[in-house]
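Enquirer: sequence below, structure please.
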Amino acid sequence: MKTTLSSLLLIAGISSIVLLSSFYRSCDNPSTTESDDRKERGPISMRSAFENPYYTSNDRVGHFYAEVKSGEANEHETQRAPMNLSVVIDRSGSMAGEKIRNARLAACFLVDQLNENDILSIVIYDGSVDVLQSAIHVSNRSAIKAKINQIIDRGGTNLMGGAAEGYAQVKRNYRSQYINRVLLLSDGLANEGITDPSQIRNIVRSKSMNEDITLSTFGVGRDYNEDLMTAMAENGNGNYYFIDNSEKISSIFEKELQGLSTVVARNTVLDIQIPDHVTIEKVYGSKYVQEGRTLRIRFNTLFSNETKGILIRYRVDPASNTPVNFYSNLSYVNQERKQAINLQNRSDFTNNKELYTENFNAWVSTQVTAYESNEILESAMREVDRGHYDEAKKLVKQNESYIQSKPAAVRNAPEVKSASAVNASYHSKIENVEEMPAEDVKYLQKDTKSSNYLLRNKK
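Expert: Predicted coordinates for the structure are as follows:
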């Protein structure tokens, strides 16, 4: 079978990473030198490190990882933050029957969880978009639920039109101390209005970064575009849920509300300054913008017990042997007070090959392996979507070999073991994918992509 250019590039990338793993002193006993910086301030902690505190003339590609964690909210913050939510419900023809009934039940359930301090709007869409309930404080639950129970299925799927109206409703009552979020539910493909995935991603990302309005997506059944719904949630700084059975909609809505119930930090921004002699090749884990020599990552609101990670692959200019210094600044608001955590990490040039090979940081190497493995499996799943089954099988096999090539301290880390388990499960299920019914393939793709999404977003 003819190998695609993307596959060749991917294989080349895997080979370079496998070579890197051979630099450990022992495959079963790698160096765990801790060359990282870490600080904790109240319920927020941050840790950062280079994969190696040294680089050489021949080894100028490196990795830097920064991780932010939120703990339990302070006892003075036990009362949940007020919410400004817009629930956007697909009422297209494919939602007929149990799906639309369970969507109504879930929306009514959500209404019952809110109070007069919360703001709620309900948007419904098919080929057209209607505001069923304009943004209002939730004081008369019965009246709102009566409107919800009138929703019936009809028409096409103007998914982005529905989301846009949801954003408009939230923006109308935007308050910085509120949770400002759109909850988008759909079971079908966007086939009316704006349908271009890249355009939709850009709109959603802009709403999150520039207007601090986030988006969670809820995909129901097996016929929606899971790649689009996942991308919308990741660019919208919210959550993505695969709902294989419409009876689970209410419980998934409950999970979302519980996750939003306690705010630990607001206006959370991570800035990472990089030196002039370093080029950023790739960033994993979070969306970012580069402003001059600063990478800016907007986490916005952090809730209890969240983990946010960002992995940077960089290259040092071949004409420079000067130290590589990364400066990380995390700023946020906690209990109405501005807070900051500052970390500094350094990687030095060396001609001592042994010094270089003995100083890999197992914690960062674990993150590199987890993110790279996640991406390889995503590539395999794209090949299945295209019907390139042989290519997909090659990729999952290569992925397992890649993971197994790592030292024990890396491959036995929880993140990598989870990645390996997801890859192995997918590998076994696509052995006879050519013979699988189309509906089973759809389920397999959505289920595995959901698992992969949870892993790379540390949920």
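Enquirer: what residues of the longest helix seen in the chain count as buried?
Expert: The longest helix of the chain (DSSP state H) is helix 362-385. Residues of helix 362-385 classed as buried: 362-384 (neighbour count, 16 or more other Cβ atoms under 10 Å). For glycine as for every other residue, the C-beta is placed from the backbone atoms N, C-alpha and C.
Enquirer: do the same with stretch 100-118
Expert: 100-111, 114, 118.
Enquirer: possible to save those as JSON lines with secondary structure and distance to residue 229?
Expert: Formatted as JSON lines, these follow (DSSP: H, G, I helix; E, B strand; the rest coil; distance: Cβ to Cβ, whole Å):
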{"residue": "100", "secondary structure": "helix", "distance to residue 229": "18"}
{"residue": "101", "secondary structure": "helix", "distance to residue 229": "21"}
{"residue": "102", "secondary structure": "helix", "distance to residue 229": "18"}
{"residue": "103", "secondary structure": "helix", "distance to residue 229": "15"}
{"residue": "104", "secondary structure": "helix", "distance to residue 229": "21"}
{"residue": "105", "secondary structure": "helix", "distance to residue 229": "21"}
{"residue": "106", "secondary structure": "helix", "distance to residue 229": "16"}
{"residue": "107", "secondary structure": "helix", "distance to residue 229": "18"}
{"residue": "108", "secondary structure": "helix", "distance to residue 229": "23"}
{"residue": "109", "secondary structure": "helix", "distance to residue 229": "21"}
{"residue": "110", "secondary structure": "helix", "distance to residue 229": "19"}
{"residue": "111", "secondary structure": "helix", "distance to residue 229": "24"}
{"residue": "114", "secondary structure": "coil", "distance to residue 229": "24"}
{"residue": "118", "secondary structure": "coil", "distance to residue 229": "25"}
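Enquirer: ok, so of those, who is nearest residue 335?
Expert: For the buried residues of stretch 100-118, the closest approach to residue 335 (Cβ to Cβ) belongs to residue 118, at 21.0 Å.
Enquirer: elements contacting the helix or strand just after the longest helix of the chain?
Expert: Later in the chain than helix 362-385, the nearest helix or strand by DSSP states H and E is helix 389-404. Here helix 389-404 touches helix 5-21, helix 362-385, helix 414-429, going by 3 or more Cβ pairs under 8 Å, 6 or more residues apart in numbering; DSSP states H and E.
Enquirer: and the strands in the stretch 251-400 of the chain?
Expert: For the stretch 251-400 of the chain, the strands defined by DSSP state E, counting those that start in this stretch occupy 263-273, 278-284, 289-291, 294-303, 307-316, 324-334, 337-349.
Enquirer: the ones you listed: which one's closest to residue 56?
Expert: strand 337-349 (7.2 Å).
Enquirer: which one of the helices and strands packed on helix 389-404 lies closest to residue 157?
Expert: Evaluated with Cβ to Cβ, those place helix 362-385 nearest to residue 157, the distance being 19.5 Å.
Enquirer: specify the angle between the closest one and strand 278-284 in degrees.
Expert: Calculated by axes from the mean of the first three to the mean of the last three Cα atoms, to 10 degrees, helix 362-385 forms an angle of 60 degrees with strand 278-284.
Enquirer: output helix 362-385 as PDB, nothing but the C-alphas.
Expert: Below are the C-alpha coordinates for helix 362-385, written out as PDB (Å, rounded to 0.1, in the frame of the first residue of the first chain):
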ATOM      1  CA  ALA A 362      11.700  11.300  33.800                       C
ATOM      2  CA  TRP A 363       8.700  13.500  34.700                       C
ATOM      3  CA  VAL A 364       9.100  15.600  31.400                       C
ATOM      4  CA  SER A 365       9.900  12.500  29.400                       C
ATOM      5  CA  THR A 366       6.700  11.000  30.600                       C
ATOM      6  CA  GLN A 367       4.800  14.000  29.300                       C
ATOM      7  CA  VAL A 368       6.600  13.900  26.000                       C
ATOM      8  CA  THR A 369       5.700  10.200  25.600                       C
ATOM      9  CA  ALA A 370       2.000  10.700  26.600                       C
ATOM     10  CA  TYR A 371       1.500  13.700  24.200                       C
ATOM     11  CA  GLU A 372       3.300  12.100  21.300                       C
ATOM     12  CA  SER A 373       1.500   8.800  21.700                       C
ATOM     13  CA  ASN A 374      -1.800  10.600  21.900                       C
ATOM     14  CA  GLU A 375      -1.000  12.300  18.600                       C
ATOM     15  CA  ILE A 376       0.000   9.100  16.900                       C
ATOM     16  CA  LEU A 377      -3.300   7.400  17.900                       C
ATOM     17  CA  GLU A 378      -5.200  10.400  16.600                       C
ATOM     18  CA  SER A 379      -3.400   9.900  13.300                       C
ATOM     19  CA  ALA A 380      -4.400   6.200  13.200                       C
ATOM     20  CA  MET A 381      -8.000   7.100  13.900                       C
ATOM     21  CA  ARG A 382      -8.000   9.600  11.000                       C
ATOM     22  CA  GLU A 383      -6.800   6.800   8.700                       C
ATOM     23  CA  VAL A 384      -9.700   4.700   9.800                       C
ATOM     24  CA  ASP A 385     -12.100   7.600   9.100                       C
END
